[in-house]
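Novice: all I have is the shape, not the residue letters:
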């Protein structure tokens, strides 16, 4: 069980789920959660390649950066979502098709 | 530069200047600028008189000054123009300046109130300029140019009242008839130029003398030159324009169509007499003699006072031409001089009568009666004494009564014909023409005088309003009648029958330049020989003519109507002007018009419609095809096709641009998947 494919499959499933969420959810927060899933799938890939690819700890370091970046991104994105809500009284992304109103 | 040349330059160009000023600014000047033209002509007259005085002081028959410059230099081909001033030029300059001045002064009143007053004076100046060109020319080029210019100014002045159809038609007729003569004139000039290579008179004479042009060619060239004179001096068969030219204002008739322009033909013939061969001169003599008799036959039945004078002018010009033909060309020039004075005088008199008749008709509101018809006149003697006396003097002069100028010149001409006939008995007709015309001249002139001025007035209603013309119109009459007296032509002799005098001294016969041509001394001898006979015979015919007129129109012991009935066919011929106009209409105008129609048919209906329009049709057809290729092939398919396909592609691709981010992601994903599959395989 402890081999590269397993990790990659898990990561692929995770990625697909994230992508599915991003593509199908109307709720902006749900879309953000999908993005988090995609980022985590990428992290898993980094870690898996770090462990099986002989890359020392570059993978772990890189995924730490990704986590930090994801946190920042989530903060900014949520701020945008709150502003959208203040402006449009909705966070349904289909209804938000203008830059201002 | 000789003083005479300087004067001549001023005389030549001053009227041109006046013409330019009058044409462009005449309307804006005070008095419509008549003083510009009149001032110019009076200065010209002063200069002409000084030249004349200079000539008399010189008193040299061989006096001649010539000045010319190269006008065109085209390698071997050179045209020189310049002035030739001899006694003849000076006398002619004085005649032109004098009659022209009189005409200008007379016109002040005659043309008063005319809407184109300024233009009238500008035309008069143009005429004076052109006429002086003919007089001064020392070569055929300047002569021909001025010749055409006087034709133009004559045309402009005949048609001056162009609102009247008859006036504008008369102008056209004059111009076209002159054109016929001018063609011959041009041919003559070119024949001389081809043979001699120069246009100047002196080269011409030298060339003829040297025999560069001789025989039949010279005769034809001489007759060519004479054709110009036939047109300009209204000789048969081109005389038809002059009577119609009377449509112009009367001062113009006096100046142009009696005294000066029509005399240009005679002047030219006298100038170029030296190149005429005997055969050419015979033609000249017969045409001139025939015209003299023919025109006076028409004149005896005219009703219009100006028409009488017009035909009389044709007849007198015929006299001069006849005289040139018989070799007595100095006599012709002498008659030109005296005729200019008395005929201008007669025209001014007729103008004065017409002016007051017009005035009278205007007063009684009669606009249908012809003011020129002598049948409405009669008895004007008491109302217009000055006009009467001056016209009487003119008539006496033209009839050849002693003590008047016409007697002297007519006598010389008739002597010339007699001399010619005595040398060539076969040509006995020439003196018959001459004396016949002299008889008729005396008759019709006095017919005019009696009908106009004597007996009881025919229209009492107008008669009350008739009055003498104003002073500016009387002045030319008085001056010109004085100049019709013999004394001015016989000085320093006081004998009215003398055939000597300053004129005879200053104008000498010269030998013809044609080898074997007429010699001066034989002409002079002949003239001298026939002088007495001619004088007695001319006195008899003049007395007979005047007496007949007196009996028929003054005493009325012979009824004019009865005479007319007795010779009805002849009377009809004369009153119908020998039907020359009708003849020309029938044999000339109508066939020419028919020919023109035929040519027009060829040109328009055949050539234009089928050939020219055919080209058009082929071109249209070709261009339609090319147009189709261009429009449908290139424009629609290639040029517009690109645009249209871009448009269509846009329409298709627009569908996927929904603005939904998630859909875009789906597309991106699909694309990546496709790429991956493609890459992997």
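Specialist: Structure's in. What do you need? All figures in this text were calculated on a predicted structure; none of them were measured in a lab.
Novice: which bits of chain A sit near chain B?
Specialist: By the rule Cβ under 8 Å from any Cβ of the partner chain, the part of chain A lying against chain B is A:19, A:22, A:23, A:24, A:93, A:94, A:97. C-beta coordinates here come from the backbone N, C-alpha and C atoms, glycine included.
Novice: can you tell me, leaving aside adjacent residues, what's nearest to the third one?
Specialist: Ranked by Cβ to Cβ, 6 or more residues apart in numbering or on different chains and with sequence neighbours excluded, the top spatial neighbour of residue A:23 is residue B:662, at 4.9 Å.
Novice: got it, and the second one?
Specialist: Nearest residue to residue A:22 in three dimensions, chain neighbours excluded: residue A:34, at 3.9 Å (Cβ to Cβ, 6+ apart).
Novice: now do the contacts for the one you found.
Specialist: In this structure, residue A:34 makes contact with A:17, A:18, A:19, A:20, A:21, A:22, A:23, A:25, judged by Cβ atoms under 8 Å, 6 or more residues apart in numbering or on different chains.
Novice: again with residue B:494
Specialist: Under the criterion of Cβ under 8 Å, 6+ apart, the neighbours of residue B:494 are residue B:487.
Novice: that one: what secondary structure?
Specialist: The three-state label given to residue B:494 by DSSP: H, G, I helix; E, B strand; the rest coil is coil.
Novice: where's it relative to residue B:14, distance?
Specialist: Separation of residue B:494 from residue B:14 (Cβ to Cβ, to the nearest Å): 37 Å.
Novice: likewise for residue A:54?
Specialist: Applying Cβ to Cβ, one obtains 125 Å for the distance of residue A:54 from residue B:14.
Novice: so between those two, which is more surrounded?
Specialist: Relative neighbour count places residue B:14 above the other of residue A:54 and residue B:14, with 21 against 7, counting by other Cβ atoms under 10 Å in any protein chain shown.
Novice: hang on, that one is in a helix, isn't it?
Specialist: Yes - the assignment for residue B:14 is a helix, going by three-state DSSP.
Novice: right, and it touches residue B:43 too?
Specialist: Yes - Residue B:14 is in contact with residue B:43 according to Cβ atoms under 8 Å; the separation is 6.0 Å.
Novice: quick one: residue B:546 from residue B:539, how far?
Specialist: When distance is defined by Cβ to Cβ, residue B:546 is 11 Å away from residue B:539.
Novice: of these two, who's got more company?
Specialist: Neighbours around residue B:546 and residue B:539, counted as other Cβ under 10 Å, are more numerous at residue B:546. The numbers are 22 against 17.
Novice: check which helix or strand covers that one.
Specialist: Here residue B:546, judged by DSSP states H and E, is contained in helix B:520-549.
Novice: next one: residue B:65
Specialist: Take DSSP H and E as the rule and residue B:65 turns out to sit in strand B:64-74.
Novice: mind checking which of the residues of chain A next to chain B are buried?
Specialist: Restricting these to buried positions leaves A:19, A:22, A:23, A:93, with burial counted as 16 or more other Cβ atoms under 10 Å in any protein chain shown.
Novice: re earlier: which of the residues of chain A next to chain B sit farthest apart?
Specialist: For these, the farthest-apart pair by Cβ to Cβ is A:19 and A:97; their separation is 21.9 Å.
Novice: could you report the separation of the spatially most central residue of chain B from chain A?
Specialist: In chain B, the residue lying closest to the centroid (Cα atoms, centre = their mean) is residue B:151, at 4.3 Å. According to Cβ to the nearest Cβ, to the nearest Å, residue B:151 and chain A sit 93 Å apart.
Novice: could you do residue B:295 as well?
Specialist: Using Cβ to the nearest Cβ, residue B:295 is found at 111 Å from chain A.
Novice: okay, buried residues for the helix or strand hosting that residue please.
Specialist: Taking DSSP H and E as the definition, one finds residue B:295 inside helix B:278-299. Along helix B:278-299, the positions that meet the burial threshold by neighbour count (16+ other Cβ under 10 Å) are B:280-299.
Novice: contact partners for the nearest residue to residue B:419 once chain neighbours are set aside?
Specialist: Taking Cβ to Cβ, 6+ apart, and ignoring the residues beside it in sequence, residue B:419 has residue B:526 as its nearest neighbour in space, at 3.0 Å. For residue B:526, the set of contacting residues under the criterion of Cβ under 8 Å, 6+ apart consists of B:327, B:415, B:416, B:419, B:420, B:422, B:423.
Novice: can you give me the helices in chain A?
Specialist: In chain A, helices defined by DSSP state H lie at A:4-24, A:28-53, A:58-88, listed in chain order.
Novice: now do the stretch 101-250 of chain B
Specialist: Under the criterion DSSP state H, counting those that start in this stretch, the stretch 101-250 of chain B carries helices at the ranges B:117-136, B:140-158, B:165-196, B:201-209, B:215-232, B:241-244, B:250-254.
Novice: what's the most buried one of the ones you listed?
Specialist: Neighbour counts averaged per stretch over those are highest for helix B:250-254, at a mean of 29; criterion: mean count of other Cβ atoms under 10 Å in any protein chain shown.
Novice: which strands and helices sit next to it?
Specialist: Using 3 or more Cβ pairs under 8 Å, 6 or more residues apart in numbering or on different chains; DSSP states H and E as the contact criterion, the secondary-structure elements in contact with helix B:250-254 are helix B:87-110, helix B:305-325, helix B:329-363.
Novice: from the chain's centre, how far out does the shortest one sit?
Specialist: To tie it back to what came earlier, the one meant is helix B:305-325. The chain centroid and the centroid of helix B:305-325 are separated by 14 Å, computed with Cα atoms, centre = their mean, to the nearest Å.
Novice: next: the first one.
Specialist: Centroid separation between helix B:87-110 and its chain, computed with Cα atoms, centre = their mean, is 16 Å.
Novice: mean confidence score for it?
Specialist: Helix B:87-110 shows an average pLDDT of 90 in the prediction.
Novice: likewise the longest one?
Specialist: For helix B:329-363, mean pLDDT rounds to 88.
Novice: helix B:520-549 and that one, what's the angle between them?
Specialist: Between the direction of helix B:329-363 and that of helix B:520-549, the angle (axes from the mean of the first three to the mean of the last three Cα atoms, to 10 degrees) works out to 30 degrees.
Novice: next: the shortest one.
Specialist: Relative orientation of helix B:305-325 versus helix B:520-549 (the same axes, to 10 degrees): 150 degrees.
Novice: by contact count, what packs against helix B:305-325?
Specialist: Using 3+ Cβ pairs under 8 Å, 6+ apart as the contact definition, the elements that helix B:305-325 packs against are helix B:241-244, helix B:250-254, helix B:261-271, helix B:278-299, helix B:329-363, helix B:405-423, helix B:429-453.
Novice: hey, which of these is tucked in deepest?
Specialist: Mean neighbour counts were compared across the helices and strands packed on helix B:305-325 using mean count of other Cβ under 10 Å; the top stretch is helix B:250-254, at a mean of 29.
Novice: returning to that earlier point: who's in contact with the residue nearest to the centre of chain B?
Specialist: Taking Cβ under 8 Å, 6+ apart as the definition of contact, the neighbours of residue B:151 are B:174, B:175, B:178, B:182, B:232.
Novice: do residue B:520 as well
Specialist: When contacts are counted by Cβ under 8 Å, 6+ apart, residue B:520 is found next to B:508, B:509, B:510, B:511.
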